[in-house]
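> Need the 3D shape of this:
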Amino acid sequence: MLRGIFDEAAELYDRARPRYPRSLVAELAARTDLGPGTRVLEIAPGTGQLTVPVAEFGGQVTAVELGPAMAEVARRNLRPFPRAHVEVADFEKWPPPAEPFDVVMIATAFHWLDPAVRIPKVGRALRPGGTFALVTTEHVKGGTLDFFARVQECYERWDPATPPGLRLQDESEIVTDTSELAGWDDLRSYRCTREITYTAQEYIDVLLTYSGHRALDAPSREGLLGDIRELIDTRHGGRIAKCYLHELITARRPERRTGH
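Numbers count the residues shown, from 1 in each chain. Model (predicted):
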């Protein structure tokens with residue numbers, strides 16, 4: 001199963017994947033009244049990129065992670081927070097506790113869950129009036145534009161699944177899809193962008209945490225990453241900047257129990 005491929009590189013994932021912007025965490029905290037009395041369920045926490053800043057608010061956090069290695073790194077990162085714990089399980093099969101949660105959140109992993117199961121199960125895990133918080137991350141136009149135009153040739157050379165002429169979208173072209181949350185209350189969205197500068201090795205490390213790159217056969221992956229390294233080092237002085245769009249979508253479960 002492709003979504004389990006991240007567990008092969010848990011330490012790299014923890015080191016290379018960017019944390020979420022403080023502004024997004026602050027917005028999440030404000031919308032969900034995070035604090036010592038809050039019960040939070042996080043689905044697919046990875047190694048704790050969002051879990052740790054949420055745990056800093058003092059609530060009780062249960063994180064359900066599919067990968068044992070990822071979960072182990074997340075536990076290490078959460079040691080300063082005794083009210084946070086990580087369970088190794090597939091959320092779609094995981095039995096929620098009898099006491100519902102105030103907040104259910106998932107960051108940059110919602111697309112891995114079965115569409116027929118995810119929202120109904122989130123609804124069952126939440127108390128009436130509780131908040132579902134969904135964080136998405138998109139790679140958008142910005143940063144070192146020339147690099148991202150040129151790197152397309154590298155992908156077309158080494159990955160046959162690459163659409164020809166693919167280009168990053170402007171953030172204004174990214175459409176928010178909340179159709180699955182029809183019938184939920186207080187549906188809101190918050191967006192923020194940021195650029196991160198990477199050396200060639202740092203950028204390759206990030207790429208090696210993406211499922212599509214890890215799923216390539218070894219010769220293709222090595223060829224692709226070699227070309228990318230050469231492009232960064234020879235045409236861009238050893239550094240490039242990448243632009244990320246983060247979106248926080250929140251909705252409250254209606255007072256009547258619902259999965260939709």
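> Just list whatever residues bridge to residue 185.
Beta-bridge partners for residue 185, by DSSP bridges, are residue 252.
> can you count the residues close to it?
When neighbours are counted by other C-beta atoms under 10 Å, residue 185 registers 12. For glycine as for every other residue, the C-beta is placed from the backbone atoms N, C-alpha and C.
> That one touches residue 132, doesn't it?
No: between residue 185 and residue 132 there is no contact under C-beta atoms under 8 Å: 10.5 Å.
> Now do the shared contacts for these two.
251, 252, 253 (C-beta atoms under 8 Å, 6 or more residues apart in numbering).
> Strands along the stretch 51-200 of the chain, start to end?
Taking DSSP state E, counting those that start in this stretch, the strands of the stretch 51-200 of the chain run over residues 60-65, 84-88, 101-107, 126-140, 185-199.
> Just give the strands next to the first one in its sheet, each with its orientation.
Pointing back at strand 60-65 there. The strands beside strand 60-65 in its sheet (DSSP bridges) come out as strand 39-43 (parallel), strand 84-88 (parallel).
> Tell me who's in contact with residue 87.
With C-beta under 8 Å, 6+ apart, residue 87 has these contacts: 62, 63, 64, 65, 71, 94.
> can you check residue 249 too?
133, 134, 135, 136, 176, 178, 181, 187, 188, 189.
> burial measure for the fifth one, as a count.
For residue 176, the tally of surrounding residues (other C-beta under 10 Å) stands at 11.
> Same question for the last one.
Applying other C-beta under 10 Å, we find 13 other residues in the vicinity of residue 189.
> pretty sure it contacts residue 247?
Yes: in terms of C-beta under 8 Å, residue 189 counts as a neighbour of residue 247; the distance is 6.2 Å.
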